[in-house]
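Peer 1: what shape does this take:
(chains A and B)
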Number of protein chains: 2
Amino acid sequence: MALDRVKALVFDVFGTVVDWRSSIAREVDDFAARHGLALDGQQFALDWRALYQPAMDKVRQGRMGFVKLDVLHRMNLDELLARHGIAGLAEAEIDHLNNAWHRLDPWPDAVPGLNRLHGKYILGTMSNGNVRLMVDMAKRAGLPWDVILGAEVSRSYKPQPETYLTGVDYLSMQPDEVMLVAAHNGDLVAASKCGLATGFVARPDEYGPAQSRDTRAEHDFDVVADSFLDLADKLGC
Amino acid sequence: MALDRVKALVFDVFGTVVDWRSSIAREVDDFAARHGLALDGQQFALDWRALYQPAMDKVRQGRMGFVKLDVLHRMNLDELLARHGIAGLAEAEIDHLNNAWHRLDPWPDAVPGLNRLHGKYILGTMSNGNVRLMVDMAKRAGLPWDVILGAEVSRSYKPQPETYLTGVDYLSMQPDEVMLVAAHNGDLVAASKCGLATGFVARPDEYGPAQSRDTRAEHDFDVVADSFLDLADKLGC
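Peer 2: Just a heads-up that it's a prediction; the model follows:
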């Protein structure tokens, strides 16, 4: 694909831009300490994330109308708390924990890499996270997004084609003028089928030391990088 | 209204944040000089803008499905060029002139004011301009938006209630947690009817020395300011 046609980079966020596992683990550990609960933050983070795709599948398959990811995260949190026999917590406390997804820390190379890319490209999110989640995260972490695209503004969840293509339409671009940057092979393959350019950035520690999938690019993506700084180098920024 | 509940400021853009008249006049003068045309940039800008509300009315009244403001601007430009008997220009040249709306200059106080407000509030657009127009303008002018809301993401044109209320929903807030900032009384009255807080910033030179309307706040808005710096002062930023 002709990379000189690319005018906008849109990013998968969870795992690609931010380290959700460490951030959620830290918040869960704080939460457990505050309430005298025996919870393993790392395991809780993985368990919470394991409910993510099945919850979105309900929307993708039409078993549930579109709801924001905040709502799905909360359904999943309620399920996990029940699984641990935790009950009777104040609504505000549960809500605060649910909003931990708004307070995820970026990988160390993410902000400096994005700041370099920002001079040459329009930068947007292409995440399944909802708009407010993305805005809160960006303000806290200093992510220089020009535009919030993705699930909520398309009322669909990746890898549904309309998520990518609605974003392209909001940008008033052709699909090949937009590159999806992601650490996940499946996300990039789906975007590629919609005509977008593709950039893989490896995040082999996203799920921790035992991570077995998405440790490397498994397809012929337009750019393959090992960090956002490497991506900026490879895109001439 | 309780201003301490406000968490997000959303802005009317044309006239409130940017000086469309001077910017369009400059671009039209450049265009005329390049093509050896006798056009008065100031008058052309006013004439182009005069077609703005009637074009949106077609969408508001259901006589036309929703189209981006870029498309309406182009319809209006074609009409104006025809009125001046101008024909035979290259498509790329007309397109470039139409995109002059993406290259509007901010009022001098806008960027410093927004930068002060950005620390305390989520800042968004609440404009009838489309997403790409807003993004291009912001990147060129350095407008620190956290999120692009308004017409395109609601598929409606202000002052239709759904434009404001869809923006509030994307922010996952209550209407009174969002303040519309605008230089236009009618826009603020419409937002107020939807439950939003209101901030009037006077732009008495928007239409030039002969401006007769919107020279001052005509209603009891929550904040009335004479610049974005004054707005920042009054909001404690």
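
Peer 1: just read off the phi/psi values of A:Ala90.
Peer 2: With angles defined as degrees, to the nearest 10, A:Ala90 sits at phi -60, psi 140.

Peer 1: in contact with A:Phe44, which residues are there?
Peer 2: Residues counted as contacts of A:Phe44 (CB atoms under 8 Å, 6 or more residues apart in numbering or on different chains) are A:Ile24, A:Ala25, A:Val28, A:Leu80. For the C-beta atoms, the positions are set from N, CA and C on the backbone; glycine is no exception.

Peer 1: where's it, which helix or strand?
Peer 2: Assessed by DSSP states H and E, A:Phe44 sits inside helix A:41-50.

Peer 1: show me the contacts of A:Phe44 that map onto strands.
Peer 2: Under the assignment DSSP state E, the contacts of A:Phe44 contribute nothing to strands.

Peer 1: before we move on, the earlier item: so which bits of the helix holding A:Phe44 are buried?
Peer 2: Using 16 or more other CB atoms under 10 Å in any protein chain shown as the burial criterion, the residues of helix A:41-50 that qualify are A:Gly41, A:Gln42, A:Phe44, A:Ala45, A:Leu46, A:Asp47, A:Trp48, A:Arg49.

Peer 1: now swap in stretch A:154-163 and tell me
Peer 2: Of the residues in stretch A:154-163, A:Ser154, A:Ser156, A:Tyr157, A:Lys158, A:Pro159, A:Gln160, A:Thr163 count as buried by neighbour count, 16+ other CB under 10 Å.

Peer 1: surely the fourth one is in a helix?
Peer 2: No - under DSSP: H, G, I helix; E, B strand; the rest coil, A:Lys158 sits outside any helix and is assigned coil.

Peer 1: would you confirm that it contacts A:Glu152?
Peer 2: No - assessed by CB atoms under 8 Å, A:Lys158 is found out of contact with A:Glu152, at 11.8 Å.

Peer 1: ok, how many other residues are close to A:Arg216?
Peer 2: With neighbours defined by other CB atoms under 10 Å in any protein chain shown, the count for A:Arg216 comes to 11.

Peer 1: now it: closest residue in space that isn't a chain neighbour?
Peer 2: Once flanking residues are discounted, A:Arg216 sits nearest to A:Ala202: 6.1 Å by CB to CB, 6 or more residues apart in numbering or on different chains.

Peer 1: same question for A:Asp95.
Peer 2: A:Arg74 (7.8 Å).

Peer 1: tell me which residues of the helix or strand the one you found falls within come out buried.
Peer 2: In the assignment (DSSP H and E), A:Arg74 maps to helix A:69-83. Neighbour counts over helix A:69-83 (16+ other CB under 10 Å) mark A:Leu69, A:Asp70, A:Val71, A:Leu72, A:His73, A:Arg74, A:Asn76, A:Leu77, A:Leu80, A:Leu81 as buried.

Peer 1: report the contact partners of the fifth one.
Peer 2: By CB under 8 Å, 6+ apart, the contact set of A:His73 is A:Trp48, A:Tyr52, A:Asn98, A:Trp101.

Peer 1: now the strands for chain A?
Peer 2: A:8-11, A:122-127, A:147-150, A:178-182, A:197-201, A:223-225.

Peer 1: can you list the ones you listed in JSON lines and add distance to chain B?
Peer 2: Supplementary listing: the strands of chain A in JSON lines, determined by distance: least, CB to the nearest CB, whole Å:
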{"stretch": "strand A:8-11", "distance to chain B": "9"}
{"stretch": "strand A:122-127", "distance to chain B": "6"}
{"stretch": "strand A:147-150", "distance to chain B": "5"}
{"stretch": "strand A:178-182", "distance to chain B": "12"}
{"stretch": "strand A:197-201", "distance to chain B": "18"}
{"stretch": "strand A:223-225", "distance to chain B": "22"}
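
Peer 1: so can I have a markdown table of those strands showing mean pLDDT and mean neighbour count?
Peer 2: Putting the strands of chain A into a markdown table (pLDDT from 0 to 100; neighbours: other CB atoms under 10 Å in any protein chain shown) gives the following:
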| stretch | mean pLDDT | mean neighbour count |
| --- | --- | --- |
| strand A:8-11 | 98 | 26 |
| strand A:122-127 | 98 | 25 |
| strand A:147-150 | 98 | 28 |
| strand A:178-182 | 98 | 29 |
| strand A:197-201 | 98 | 26 |
| strand A:223-225 | 98 | 19 |
